[in-house]
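Engineer: A structural model of the following input is requested.
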Amino acid sequence: MEITSFDQWLETLGKALSKAKAMGMPEDIIKNSAAKLGDFLAENVNPDISENRFLRDLWEVADETEQEAIAGAMIKLVERKKIH
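Structural biologist: Take a look at the predicted model:
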C-alpha cells in the first residue's frame, strides 16, 4: 500500500487501533505492538512521504524509552483525531 499523505498514514493507524481495541487488546499490549511496528518500519520500509522520513529519523536516534514515548504519542494523535 502506497501512502501518499500523512492523513492517509494516520487513517491506516487509526483503523488498526480500532480493530485492536474492538478485540479487547489491553493498552500496554497496543503500545508495545506500536513500538515493535516502529522498529519494523524503521528497518524495512523506505518512507514514501516526508513526515514518515522524519519519524524514521527520529525513531533511529531515540533510545528504547524514547521510542515507547513516540509510539504512545502516535497512538494519542490517532485517538485525538478520532481516526478509525
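Engineer: show me the shaky parts of the chain.
Structural biologist: 1, 83-84 (pLDDT under 70).
Engineer: any chance you could map the helices in it?
Structural biologist: 6-22, 27-44, 50-61, 64-80 (DSSP state H).
Engineer: between helix 6-22 and the second one, find me the angle.
Structural biologist: An angle of 140 degrees separates the directions of helix 27-44 and helix 6-22 when computed by axes from the mean of the first three to the mean of the last three CA atoms, to 10 degrees.
Engineer: buried residues in helix 27-44?
Structural biologist: Of all the residues in helix 27-44, those buried under the rule 16 or more other CB atoms under 10 Å are 30, 31, 33, 34, 35, 38, 42. C-beta coordinates here come from the backbone N, C-alpha and C atoms, glycine included.
Engineer: and for the last one?
Structural biologist: Applying a neighbour-count criterion of 16+ other CB under 10 Å, the buried positions in helix 64-80 are 67, 68, 70, 71, 74, 75, 78.
Engineer: which neighbouring elements make contact with that helix?
Structural biologist: Helix 64-80 makes packing contacts with helix 6-22, helix 27-44, helix 50-61 when contacts are defined by 3 or more CB pairs under 8 Å, 6 or more residues apart in numbering; DSSP states H and E.
Engineer: from the chain's centroid, how far away is it?
Structural biologist: 7 Å (CA atoms, centre = their mean, to the nearest Å).
Engineer: and for the shortest one?
Structural biologist: Between the centre of helix 50-61 and the centre of its host chain there is 11 Å, according to CA atoms, centre = their mean.
Engineer: same check on the longest one?
Structural biologist: Centre-to-centre, helix 27-44 and its host chain are 7 Å apart (CA atoms, centre = their mean).
Engineer: output the contacting helices and strands for that helix.
Structural biologist: Using 3+ CB pairs under 8 Å, 6+ apart as the test, helix 27-44 ends up in contact with helix 6-22, helix 50-61, helix 64-80.
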